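Colleague: heads up, no residue letters with this:
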């Protein structure tokens, strides 16, 4: 049984990381946890020395897709950032950004789906 191929990244790693920082206000610390990499690896991506491989690329693509969904659902990046950095009762009082930092993109997706459905939590 062969593993599925890693998803394609439609931009350079530097562009992707810069977009996540500008659109969602995610810091390097947030991205380290979300992508399960160390600071040296993140720096190498930013400097164009290496590119994310399999799992890290998959997570980066997922994070970019989430960013796009948030920016489309809200009035734009400012409102998306505000939601991402506000305490969430659905997430037990932590912010979605804290869930990103711990690598729990599934939790953010679930919280966002609840928000989109109009359920108040």
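Modeller: Arrived safely, thanks for sending. Remember, it's a predicted structure, so these values are computed and weren't measured experimentally.
Colleague: what's the longest helix in the chain?
Modeller: The helix that spans the most residues within the chain, counting by DSSP state H, is helix 54-73.
Colleague: Quick check: residue 74 touching residue 83?
Modeller: Yes. Assessed by Cβ atoms under 8 Å, residue 74 is found in contact with residue 83 at 6.4 Å. Bear in mind the C-beta positions are built from the backbone N, C-alpha and C, glycine included.
Colleague: Neighbour count: the two, which is higher?
Modeller: Shown here are residue 74 and residue 83; by other Cβ atoms under 10 Å, residue 83 has more neighbours (19 against 16).
Colleague: Give me the three-state assignment for that one.
Modeller: Three-state call for residue 83 (DSSP: H, G, I helix; E, B strand; the rest coil): helix.
Colleague: Next one: residue 67 from residue 29, what distance?
Modeller: Distance of residue 67 to residue 29, computed by Cβ to Cβ, to the nearest Å: 17 Å.
Colleague: which of the two has more neighbours?
Modeller: Counted by other Cβ under 10 Å, residue 67 and residue 29 do not tie: residue 67 has more neighbours, with 20 against 12.
Colleague: confidence score at the more buried one?
Modeller: The model reports residue 67 with a pLDDT of 90.
Colleague: and the residue nearest to residue 25 when sequence neighbours are not counted, what does it touch?
Modeller: Using Cβ to Cβ, 6 or more residues apart in numbering and skipping the chain neighbours, the partner closest in space to residue 25 is residue 81 (4.3 Å). Going by Cβ atoms under 8 Å, 6 or more residues apart in numbering, residue 81 touches 23-25.
Colleague: Read off the pLDDT value for residue 81.
Modeller: At residue 81, the model reports a pLDDT of 91.
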